[in-house]
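Prediction below, plus the sequence it came from.
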Amino acid sequence: MRKKYRVVLDTNVLLSAYQSKKGASHEVLRRLAGDEFEIALSVPLVLEYEEILNAKLDPNIFSSSYVEAIVNYICKIGKFAEIFYLWRPLLSDPEDDHILELAISAKCSHIITYNKKDFKGAEQFGIQVIDAAEFLNLLKN
């Protein structure tokens with residue numbers, strides 16, 4: 001039986017998935033409905049998803065109610081984890097500390113992001129930081 005991964009999707013991956021249907025991010029999002037992996041969520045991350053999608057997606061294509069439906073779906077399939085401890089400050093971008101804290105708390109194997117350099121230090125917790133294409137390659141094995 002293949003290992004089921006638990007990962008955190010950085011907001012930039014989610015945004016990229018909706019900006020283009022041709023990239024690796026969209027394929028990762030499409031595979032969320034399957035059983036290859038699951039995503040860990042926290043309240044701060046869900047709020048960030050909603051804020052960034054509403055701010056950066058074209059409102060003529062993605063209305064606020066559509067973004068709400070996206071976020072609701074992610075909440076339905078994701079696994080919520082509570083963060084009981086803080087590792088701050090650890091990362092070079094303090095805005096990303098909550099993502100690392102979620103990955104630690106939820107015992108994730110990976111953080112999927114396009115800002116890999118911002119997550120230096122995650123490896124000391126056994127968490128690999130990869131982009132969407134690298135994650136898709138991992139799923140092939």
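Nice, I can see it.

Restrict stretch 66-77 to CA atoms and write it as PDB.
C-alpha atoms of stretch 66-77 as PDB (Å, rounded to 0.1, in the frame of the first residue of the first chain):
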ATOM      1  CA  TYR A  66     -17.100  31.500  -5.500                       C
ATOM      2  CA  VAL A  67     -14.000  32.000  -3.400                       C
ATOM      3  CA  GLU A  68     -16.100  31.100  -0.300                       C
ATOM      4  CA  ALA A  69     -17.200  27.900  -2.000                       C
ATOM      5  CA  ILE A  70     -13.500  27.100  -2.800                       C
ATOM      6  CA  VAL A  71     -12.500  27.700   0.800                       C
ATOM      7  CA  ASN A  72     -15.500  25.700   2.100                       C
ATOM      8  CA  TYR A  73     -14.600  22.700   0.000                       C
ATOM      9  CA  ILE A  74     -11.000  22.900   1.200                       C
ATOM     10  CA  CYS A  75     -12.300  23.000   4.800                       C
ATOM     11  CA  LYS A  76     -14.500  20.000   4.100                       C
ATOM     12  CA  ILE A  77     -11.700  17.800   2.900                       C
END
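
can you give me the strands for the protein?
Assigned by DSSP state E, the strands in the chain fall at 5-9, 37-41, 79-80, 110-112, 128-130.

could I get the ones you listed as a markdown table with distance to residue 70 and mean pLDDT?
Every residue, glycine included, has its C-beta placed from N, CA and C. What follows is these, written out as a markdown table (distance: least, C-beta to C-beta, whole Å; pLDDT from 0 to 100):
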| stretch | distance to residue 70 | mean pLDDT |
| --- | --- | --- |
| strand 5-9 | 12 | 97 |
| strand 37-41 | 13 | 97 |
| strand 79-80 | 17 | 96 |
| strand 110-112 | 17 | 98 |
| strand 128-130 | 23 | 97 |
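
most tightly surrounded among those?
Highest mean neighbour count of these: strand 110-112, a mean of 25 (counted as mean count of other C-beta atoms under 10 Å).

In this protein, where is pLDDT below threshold?
Under the criterion of pLDDT under 70, the regions of the chain flagged as low confidence span 1-3, 84-89, 92.

what's the closest of the strands of the chain to residue 60?
Taking C-beta to C-beta, strand 5-9 is the member of the strands of the chain nearest to residue 60, at 25.0 Å.
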